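Enquirer: compute the structure for the input listed below.
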Amino acid sequence: MGTQRTIGVDVGGTKIVVGLVERDGTIVRVERYATPVGSTEAFLAGLSSAVESLQDESVAAVGIGLPSAIDQRSGTVVFSANIPLAGLDVRSWAAEAFGLPAAIDNDANCAALAEWRAGAGRGTTDMVMITLGTGIGGGLILGGRLYRGWIGAGAEVGHIVVDADGPLCQGHCTGRGHLEGFASGRAVEAAARRVLGPGAGTPELVAAARQGSGPAREALAAAGRWLGAGIASLVNLLNPELVVIGGGFGEAFDLLIDPVREIVARDGLAPARDVVRIVPAELGAAAGVIGAALVGFEALDGAGVPAARG
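Expert: Predicted coordinates for the structure are as follows:
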């Protein structure tokens, strides 16, 4: 039997990244596509095309990381803030579409699994992963295991309430004052337009801050303080050894970390606040793909999340 690989799929609000991945996490090939968000049908068609672009005889399973709350009992996506997907058994759909064993998980769970096994979290037993992208995702390693919650919908870190009377959350979420509305890439894009003018986005704001712009640095510091409030709550609740910050917007870690630590020191409780380490992710954009592929291998081997068979 030849080399066994899985296809790992990292779905975001703006792009779908697919990778052909070996068991040790090595990415053999990777492709990127825009995420179709016009309708569920368009989204599924785009996802199908992305996976099929890498499918060959070496592929034994597919693992898909979604920015969604998932009921692992049925393989159903319950809710998605930034993609048009809800109420669908995506696990069975994928198995039928690709003719392979298929597993799904929250995208930030996938990133957490990858960073824990092969990145910044190696050797830890209690770790929080926060992914800063279009939205904010979260993954938890508790007691040396990936924590998914009772039905698989746990660790929705981006929807921690940090301001009970705050603005409406973004995308399809109907909550108010959620962390995602203050510290995600989309929230910072809005700040970029206020500071730099129409057409500006997160990259321009980060570049301006690195070049010494006071208003740009303060806008990012404000996001960092909100992020620190969310992390302080997680530190108080879980007493993790490590908090790993990743995702596309996580690349601004150097501009966020001081205000994050300021709020954690203020709002966190001793001794947890004094021993927690807050570090940048090591795997970068590859974490989601690697983690999704690892979920695919777990399902193939009968461990981890359930799988549907093609």
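Enquirer: only C-alpha atoms for contact and neighbour calcs from this point on.
Expert: Fine.
Enquirer: pull the number of nearby residues for residue 217.
Expert: Using other Cα atoms under 10 Å, residue 217 has 20 other residues around it.
Enquirer: use 62 as the first number for this chain going forward.
Expert: In the new numbering, first residue 62, that becomes residue 278.
Enquirer: nearest residue to it other than its sequence neighbours?
Expert: Leaving aside its chain neighbours, residue 278 sits nearest to residue 270 (4.7 Å; criterion: Cα to Cα, 6 or more residues apart in numbering).
Enquirer: so after whichever strand or helix holds the one you found, what's the next helix or strand?
Expert: Residue 270 belongs to helix 263-271 when assigned by DSSP states H and E. Downstream of helix 263-271, the next assigned helix or strand under DSSP H and E is helix 275-299.
Enquirer: what pairs with the helix or strand that comes right after that next one, parallel or antiparallel?
Expert: Remark: after helix 275-299, the chain's next helix or strand is strand 303-307, criterion DSSP H and E. Here strand 303-307 has these sheet partners by DSSP bridges: strand 188-193 (parallel), strand 338-341 (parallel).
Enquirer: got the contact list for the longest one?
Expert: Outside of strand 188-193, the residues that reach it under the criterion Cα atoms under 8 Å, 6 or more residues apart in numbering are 169, 172-173, 177, 182, 197-203, 218, 244-246, 301-311.
Enquirer: could you pick out which of these are located in helices?
Expert: The helices, defined by DSSP state H, take in 169, 172, 173, 177, 244, 246 from these.
Enquirer: how near is the nearest residue to residue 215 once chain neighbours are set aside to residue 235?
Expert: Sequence neighbours aside, residue 209 is the residue nearest to residue 215 in space, at 5.1 Å (criterion: Cα to Cα, 6+ apart). Distance from residue 209 to residue 235, counting by Cα to Cα, to the nearest Å: 23 Å.
Enquirer: neighbour-wise, which of those two wins?
Expert: Neighbour totals were compared for residue 209 and residue 235, and residue 209 leads with 22 against 10 (other Cα under 10 Å).
Enquirer: need the per-residue pLDDT for the more buried one.
Expert: According to the prediction, residue 209 has pLDDT 91.
Enquirer: so what's it up against?
Expert: Contact analysis of residue 209 by Cα under 8 Å, 6+ apart lists 170, 201, 215, 216.
Enquirer: quick one: the strands in the stretch 112-261 of the chain?
Expert: Using DSSP state E, counting those that start in this stretch, the strands of the stretch 112-261 of the chain run over 120-127, 129-132, 137-141, 149-150, 163-167, 188-193, 197-203, 206-208.
Enquirer: so who does residue 341 touch?
Expert: Residue 341 neighbours (Cα under 8 Å, 6+ apart): 181, 305, 306, 307, 311, 314.
Enquirer: name the helix or strand for residue 81, please.
Expert: Per DSSP H and E, residue 81 falls inside strand 76-82.
Enquirer: go on, residue 67?
Expert: strand 66-72.
Enquirer: go ahead and name everything in contact with that strand.
Expert: 77-84, 96, 112, 115-116, 119-128, 168, 349-355, 357-358.
Enquirer: between that strand and strand 76-82, how big is the angle?
Expert: Relative orientation of strand 66-72 versus strand 76-82 (axes from the mean of the first three to the mean of the last three Cα atoms, to 10 degrees): 170 degrees.
Enquirer: tilt between strand 66-72 and strand 120-127?
Expert: Interaxial angle, strand 66-72 versus strand 120-127 (the same axes, to 10 degrees): 20 degrees.
Enquirer: and the angle from strand 66-72 to strand 163-167?
Expert: For strand 66-72 against strand 163-167, the angle by the same axes, to 10 degrees is 40 degrees.
Enquirer: shouldn't residue 180 be in contact with residue 342?
Expert: Yes - between residue 180 and residue 342 there is a contact under Cα atoms under 8 Å: 7.0 Å.
Enquirer: where does the stretch 262-371 of the chain dip in pLDDT?
Expert: 364 (pLDDT under 70).
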